[in-house]
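Asker: Just need the structure, nothing else, for what follows:
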Amino acid sequence: MKKIITIFAAIICVMHFSSCENFLDVYPTNSTKEEMLEIRTGSDADVMMNGIMREMTSGSYYGRNMMLYADAKGGDFVIRSHGRGYDYLYTFAHSASTGSGSGYWSQIYYCLLQANNLLNGMDKAEAAGTVGEDLSIHRGRVLTLRALMHFDLVRIYGMPYTHPNGPSSWGVPIVTEPIGVYEKPLRSTVEQVYIQILKDIEDARVLLDNTSGKAKKNGYINYYGNRALLARVKLYMGEYDDALAAAEEVMAGPYSLYSNDEWLDSWSTQFGSESIFELGIFENEADLGTTSWGALLLRKGEVSSSVLGYFMASDYYLARLYESENVGGAANKDIRLDIMRYDETSTSRLGSCRKYVGNARAGDKGKYSAVNIKVFRLSEIYLIAAEAALLKSIPDLTKAASYLQEIRDRAPGLAPATSATVSLDMILDERSRELFMEGHRFFDMLRHQKSIEFNDEFIDAGAVAPNNRPKIIQTDGANFFYKCILPIPKSEIDANPGIGEQQNPSY
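Answerer: Residues are numbered from 1 along each chain as shown. Model prediction:
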């Protein structure tokens, strides 16, 4: 699965019922092999949906690399030394042939094509009159995930929408149908990709806007997950009035913020009160073990001798976490420090994070790497609402401060946010504290054209030579550092030469 065309070949192989039997690992429960793409019931659709979501937990997507991408490049992470793994992200060592992050491209397009085949299967069943029940809810779920996949691709390979030339620059190929092995789709503009994302979200909303669609079903995205995606997308587009409206709709739904006493334990449990959509990670079922997302931020040798200690929190991130304690004393410690452990540099520096480790607390799954990936949770929605209220066409400073304070209360020593003091920097700092290891920081800096400073001094002298980027990179329109977006991988260009003419600038 190194390029789109290879992926197409695999899908066509499945559709012609050849020996490619691992399409979704499982067949619909009432199917024979020859009917494995036929959808007759909602249970059939769920089986295929489960296969899609399993692929979304690949190490090349939400199982690890999607969050790693935004955190390693955003200034809140630092690496201990060269060569342990994934340091090309921290050092921006990107070219079309090496360090291209080609796994993002191939895995997300693989997930997209599975989603399109499920949609196509439902279409055929309904047209033939062989389906035994209404599949609207299932279609709404798949369309929402397809929107998320295109959104993730365009964030990685396209300019930020809020940059001066962002909408008109190249985005990614839009794939909304199962297509032939010889077809060679080209890139659409960033704006065109966002138009498709919004279309899928809205088409899905119509299908999910009912009692069944709004019900919480653990492991499946629902109406509120659709609205959470809309809130995030609109925030990235700078359309803040719409972002606020979508966020407030989610906040009025069947979810509640964790109390300070509940926050720590929430990371080792499944489907808590804040969980809007999370992807299941199950022990001995494609569990990534010592290469899991959680293991990457353990100190070297912790839990297993195979843990290498890839990343640690930067000094800049830790300074934000200690701000409450420094101002208000030990009794006002930021509760998010409780998830941190000492790293390999000393027994006092809390640079190791156990958000995605589990097993030290009651209610976990029994293995340190079998921890669900929280794609959307309510804390993020409150922070979206705060930012959108601040920046919308007619700012609502009271709402901005109120929504921000709901999350800022996790650091009780900090001065309360008020309509007089709330600011974008205050909100971005809180997003950093709260959403660490959740894949947001780099994208937050890009969409607001903020400079990003890296904690290179922390690394032992000579251990890392980040020659591919300066200590501080600029992301504004005039000085945008070209390696802030990934190149189209050479393997894709070799298979699809036309897309080579659309390579990102300076690669």
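
Asker: Flag the shaky bits of the stretch 251-400 of the chain, pLDDT-wise.
Answerer: Scanning the stretch 251-400 of the chain for pLDDT under 70 picks out the ranges 358-368.

Asker: OK, contacts around Asp200?
Answerer: Neighbouring residues of Asp200 by CB atoms under 8 Å, 6 or more residues apart in numbering: 143-144, 146-147, 150. Backbone N, C-alpha and C define where each C-beta goes, glycine included.

Asker: wait, I meant Asp209
Answerer: Tyr223.

Asker: Okay, buried residues for the helix or strand hosting Glu248 please.
Answerer: Here Glu248, judged by DSSP states H and E, is contained in helix 240-251. Within helix 240-251, the residues that count as buried by 16 or more other CB atoms under 10 Å are 240, 242-251.

Asker: wait, doesn't Gln502 sit right on Pro185?
Answerer: No - judged on CB atoms under 8 Å, Gln502 makes no contact with Pro185 at a distance of 10.9 Å.

Asker: re earlier: tell me the first helix or strand C-terminal of the helix holding Glu248.
Answerer: helix 260-266.

Asker: ok, whatever helix or strand comes next after that next one: who's next to it in the sheet?
Answerer: Downstream of helix 260-266, the first helix or strand assigned by DSSP H and E is strand 275-279. Strand 275-279 has the following strand partners under DSSP bridges: strand 373-377 (antiparallel).

Asker: ok and the partner strand relative to helix 240-251, angle-wise?
Answerer: Relative orientation of strand 373-377 and helix 240-251, computed by axes from the mean of the first three to the mean of the last three CA atoms, to 10 degrees: 110 degrees.

Asker: just how off-centre is whichever helix or strand comes after strand 373-377 within its chain?
Answerer: Counting by DSSP H and E, the next helix or strand C-terminal to strand 373-377 is helix 378-391. Offset of helix 378-391 from its chain centre (CA atoms, centre = their mean, to the nearest Å): 17 Å.

Asker: and helix 378-391, what other elements does it pack with?
Answerer: helix 223-237, helix 240-251, helix 397-408, helix 424-435 (3 or more CB pairs under 8 Å, 6 or more residues apart in numbering; DSSP states H and E).

Asker: got the CA coordinates for the first one in CSV?
Answerer: In other words, helix 223-237. What follows is helix 223-237, C-alpha atoms only, in CSV (Å, rounded to 0.1, in the frame of the first residue of the first chain):
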residue,chain,number,x,y,z
TYR,A,223,-24.6,12.9,15.4
TYR,A,224,-22.6,14.7,18.0
GLY,A,225,-19.3,13.4,16.6
ASN,A,226,-20.4,14.8,13.3
ARG,A,227,-21.0,18.2,14.9
ALA,A,228,-17.6,17.9,16.7
LEU,A,229,-15.9,17.4,13.4
LEU,A,230,-17.8,20.4,11.9
ALA,A,231,-16.7,22.5,14.9
ARG,A,232,-13.0,21.5,14.3
VAL,A,233,-13.2,22.0,10.5
LYS,A,234,-14.8,25.4,10.8
LEU,A,235,-12.2,26.5,13.4
TYR,A,236,-9.5,25.5,10.9
MET,A,237,-11.2,27.5,8.2
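
Asker: Counting by contacts, list what that helix packs against.
Answerer: Right, helix 223-237 is packed against helix 136-157, helix 190-208, helix 211-214, helix 240-251, strand 275-279, strand 373-377, helix 378-391, helix 441-447 by 3+ CB pairs under 8 Å, 6+ apart.

Asker: Tabulate the ones you listed (JSON lines), appending distance to Gly75.
Answerer: Converted to JSON lines, the helices and strands packed on helix 223-237 look like this (distance: least, CB to CB, whole Å):
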{"stretch": "helix 136-157", "distance to Gly75": "17"}
{"stretch": "helix 190-208", "distance to Gly75": "24"}
{"stretch": "helix 211-214", "distance to Gly75": "38"}
{"stretch": "helix 240-251", "distance to Gly75": "24"}
{"stretch": "strand 275-279", "distance to Gly75": "26"}
{"stretch": "strand 373-377", "distance to Gly75": "22"}
{"stretch": "helix 378-391", "distance to Gly75": "18"}
{"stretch": "helix 441-447", "distance to Gly75": "7"}
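
Asker: re earlier: output the helix holding Glu248 as PDB - backbone C-alpha positions only.
Answerer: C-alpha atoms of helix 240-251 as PDB (Å, rounded to 0.1, in the frame of the first residue of the first chain):
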ATOM      1  CA  TYR A 240     -15.700  31.100  13.800                       C
ATOM      2  CA  ASP A 241     -19.500  31.800  14.000                       C
ATOM      3  CA  ASP A 242     -20.200  28.400  12.500                       C
ATOM      4  CA  ALA A 243     -17.500  26.800  14.700                       C
ATOM      5  CA  LEU A 244     -19.200  28.200  17.900                       C
ATOM      6  CA  ALA A 245     -22.600  27.100  16.800                       C
ATOM      7  CA  ALA A 246     -21.500  23.500  16.200                       C
ATOM      8  CA  ALA A 247     -19.500  23.400  19.400                       C
ATOM      9  CA  GLU A 248     -22.400  24.600  21.500                       C
ATOM     10  CA  GLU A 249     -24.600  22.000  20.000                       C
ATOM     11  CA  VAL A 250     -22.200  19.300  21.100                       C
ATOM     12  CA  MET A 251     -21.900  20.900  24.600                       C
END
